[in-house]
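> Show me the folded form of this:
(4 chains)
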Protein chains: 2
Amino acid sequence: MAGVRAQQKQKTRQALIEAAFNQLSAEHSFSNLSLREVAREAGIAPTSFYRHFKDMNELGLTMVDEAGLTLRQLMRQARRRIAKGGSVINTSVHTFMEFIEQSSNQFRLLLRERSGTSPAFRAAVAREIKHFILELAHYLETETGVDTHHAHMQAEAMVTLVFSSGAEALDQEPPQRAELTERLKWQLRYIAKGASGYAKHPEPIKK
Amino acid sequence: MAGVRAQQKQKTRQALIEAAFNQLSAEHSFSNLSLREVAREAGIAPTSFYRHFKDMNELGLTMVDEAGLTLRQLMRQARRRIAKGGSVINTSVHTFMEFIEQSSNQFRLLLRERSGTSPAFRAAVAREIKHFILELAHYLETETGVDTHHAHMQAEAMVTLVFSSGAEALDQEPPQRAELTERLKWQLRYIAKGASGYAKHPEPIKK
DNA sequence: AATTTCAGCGTACAACTGTACGCTAAAATA
DNA sequence: TATTTTAGCGTACAGTTGTACGCTGAAATT
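Numbers count the residues shown, from 1 in each chain, chains lettered A, B, ... in the order given. All right, here's what the predicted structure looks like:
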């Protein structure tokens, strides 16, 4: 029942995914990857690729899913840290940057394919980011008493800035990264302050 | 002195540039362009390409320059309209969206290659956007009396949001585009309000 | 033990890529 | 008018790509 066979298949499937992630870099985006190269790095013949994915496209979507998973882990970790009592903006930004460092290539995929060339990809990435925004919006609404609609716009703006800075950070050295992080924090504070001023519920928090 | 020869050369050179721009679309980014296809659309033999550019890369950088030019025209027009007395945020956003509609493919190039695969490209695009940010920062500093450093961060955040919305707008239909534009305006207002609160010069405007 | 399933392989091919090389005709220069 | 320059062409080639097809051996099923 262990399935020696299925087990091995899963293993090379993962090898393909990892090979593909490995080949992502600052100067190599997903759409430049070739089926043959990925197969080569995974240690299988080009034609064996089709035993696992119909397409490079299908591989890509799987990769987006995996990156989305990482994104959700990121969110959970940030929430946990905030609950333990850290400044929201500080710990969120810090957590995000940590993840970027650890899982560069997963973020590279999300950040690049967000405005990439394949509609299916863009949709998949958009879906993942939407989660992110909704979650943040919900938090903002309950925590600061901002009107639902404004909470959503605020969250969207914040996520945009965070991702944009993330994209920059990806290809920078730590020293410049720190500076960039500081700037980002200020910018998020602008938004938090500005939005809180613009539209509040009657009371800052629910009964 | 007219230079019948040089004139013709300039003409096909421009034809190459336009052919390349034409082949940019939502599902076709610069790095997927092929020298041969561009030459074909421009109506010359593949090998003749080299009479004009050393490389596809060199073509690309020329295209970025051209798009940068358009960006500057955009800025001038926005300034003109604001001087004529329109709300800053409203007319800026409106002007930007107008340009995106008119010169979709130039913006597509800037927006995509900003986080694209070629370092040279990224640098070139970054340079163009830096102009944009500096100009806006200067405006914010003199007009709202915000501290220099904060003015720059504020400008950066605003430009990030504008470009991000622009990228989304590029592949949307007018009705959704309008909604997106409204959201963007709110987000810019958040920043304006928030930043003005955070750090002001002693006096709102210079002596 | 006999049969079926299937992950992975090797061969093969047509399509496409960038680009080296040498020619030509017309414009520019002398 | 004689000479030089050069934009554009055609041919040619080696490299890479995706993928169709049929085989094999070992795991799974009967």
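> Tell me where chain A has helices.
Per DSSP state H, chain A carries helices over the ranges A:4-23, A:35-42, A:56-83, A:88-102, A:104-113, A:119-144, A:148-170, A:174-198.
> got those as TSV, with distance to DNA strand D and mean neighbour count columns?
C-beta: built from backbone N, CA, C; applies to glycine. Conversion of the helices of chain A to TSV gives the following (distance: least, CB to the nearest atom of the strand, whole Å; neighbours: other CB atoms under 10 Å in any protein chain shown):
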stretch	distance to DNA strand D	mean neighbour count
helix A:4-23	3	15
helix A:35-42	3	17
helix A:56-83	6	17
helix A:88-102	28	18
helix A:104-113	17	22
helix A:119-144	15	17
helix A:148-170	24	22
helix A:174-198	33	18
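> Columns distance to residue B:100 and mean pLDDT on top of these, output as CSV?
Listed next are the helices of chain A as CSV, based on distance: least, CB to CB, whole Å; pLDDT from 0 to 100:
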stretch, distance to residue B:100, mean pLDDT
helix A:4-23, 33, 97
helix A:35-42, 35, 98
helix A:56-83, 26, 96
helix A:88-102, 29, 96
helix A:104-113, 21, 94
helix A:119-144, 17, 94
helix A:148-170, 17, 96
helix A:174-198, 23, 94
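> closest one to residue B:137 among these?
Of all the helices of chain A, the one in closest proximity to residue B:137, counting by CB to CB, is helix A:174-198 (12.6 Å).
> Can the closest one be said to contact chain B?
Yes. Applying CB under 8 Å from any CB of the partner chain, one finds that helix A:174-198 is in contact with chain B at A:183, A:186, A:187, A:189, A:190, A:191, A:192, A:193, A:194, A:195, A:197, A:198.
> Among the helices of chain A, which comes closest to DNA strand C?
helix A:4-23 (3.6 Å; CB to the nearest atom of the strand).
> Could you confirm whether the closest one reaches DNA strand C?
Yes. With CB under 7 Å from any atom of the strand as the criterion, DNA strand C is reached by helix A:4-23 at A:5, A:8, A:9, A:12.
> Check the gap between the third one and residue A:107 for me.
Pointing back at residue A:9 there. Applying CB to CB, to the nearest Å, the value for residue A:9 to residue A:107 is 28 Å.
> next one: the last one
Distance of residue A:12 to residue A:107, given as CB to CB: 25 Å.
> List the contacts of residue A:120.
With CB atoms under 8 Å, 6 or more residues apart in numbering or on different chains as the criterion, the residues that contact residue A:120 are A:57, A:61.
> again but with residue A:117, I slipped
A:31, B:26, B:27, B:28, B:29, B:32.
> With residue A:137 instead?
Contacts of residue A:137 (CB under 8 Å, 6+ apart): A:148, A:151, A:152, A:154, A:155, A:156.
> Output these as CSV; include the columns distance to chain B.
Compiled in CSV, the contacts of residue A:137 are given as follows (distance: CB to the nearest CB, whole Å):
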residue, distance to chain B
A:148, 13
A:151, 11
A:152, 9
A:154, 6
A:155, 10
A:156, 7
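> Now tabulate these in TSV and tack on distance to residue A:103.
Formatted as TSV, the entries for these read as follows, by distance: CB to CB, whole Å:
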residue	distance to residue A:103
A:148	32
A:151	28
A:152	27
A:154	26
A:155	22
A:156	23
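> Now do stretch A:163-182: distance to the chain's middle.
Its chain's C-alpha centre and that of stretch A:163-182 lie 15 Å apart, by CA atoms, centre = their mean, to the nearest Å.
> Could you do stretch A:116-129 as well?
Here the centre of mass of C-alpha atoms in stretch A:116-129, compared against the chain's by CA atoms, centre = their mean, lies 12 Å away.
> likewise stretch A:39-47?
Mean-position distance between stretch A:39-47 and its chain equals 28 Å (CA atoms, centre = their mean).
> First-to-last residue distance for that stretch?
Using CA to CA, to the nearest Å, the gap from the first to the last residue of stretch A:39-47 comes to 8 Å.
> Give me the contacts around it.
With contacts defined as CB under 8 Å, 6+ apart, stretch A:39-47 is touched by A:12, A:15, A:16, A:18, A:19, A:22, A:23, A:35, A:36, A:48, A:49.
> now swap in stretch A:49-61 and tell me
By CB under 8 Å, 6+ apart, the list of residues contacting stretch A:49-61 from outside reads A:9, A:12-13, A:16-17, A:20, A:30, A:33-35, A:38-39, A:62, A:113, A:118, A:120-121, A:124.
> let's see it at 6 Å
Identification of contacts with stretch A:49-61 by CB atoms under 6 Å, 6 or more residues apart in numbering or on different chains yields A:13, A:16, A:20, A:30, A:35, A:39, A:124.
> which one among those residues gets closest to residue B:171?
The nearest member of the contacts of stretch A:49-61 to residue B:171, counting by CB to CB, is residue A:124 at 14.9 Å.
> ok, now which ones touch that closest one?
The neighbourhood of residue A:124, defined by CB under 6 Å, 6+ apart, consists of A:61, A:64.
> now residue A:179
Here residue A:179 is in contact with no residue (CB under 6 Å, 6+ apart).
> distance of it from residue B:48?
In this view, residue A:179 and residue B:48 are 47 Å apart by CB to CB.
> related to what we said a few turns ago, list only buried entries from the contacts of residue A:117.
A residue is treated as buried here by neighbour count (16 or more other CB atoms under 10 Å in any protein chain shown); on that basis the buried members of the contacts of residue A:117 are A:31, B:29.
> Among the contacts of residue A:117, list the two that are farthest apart in space.
When CB to CB is used, the two most widely separated members of the contacts of residue A:117 are A:31 and B:26, lying 13.0 Å apart.
> Tell me who's in contact with the most centrally placed residue in chain A.
Chain A has residue A:71 as the residue nearest its centroid, 4.6 Å off, counting by CA atoms, centre = their mean. If you count contacts by CB under 6 Å, 6+ apart, residue A:71 has them with residue A:128.
> what about 10 Å?
In this structure, residue A:71 makes contact with A:96, A:99, A:103, A:106, A:107, A:110, A:128, A:129, A:131, A:132, judged by CB atoms under 10 Å, 6 or more residues apart in numbering or on different chains.
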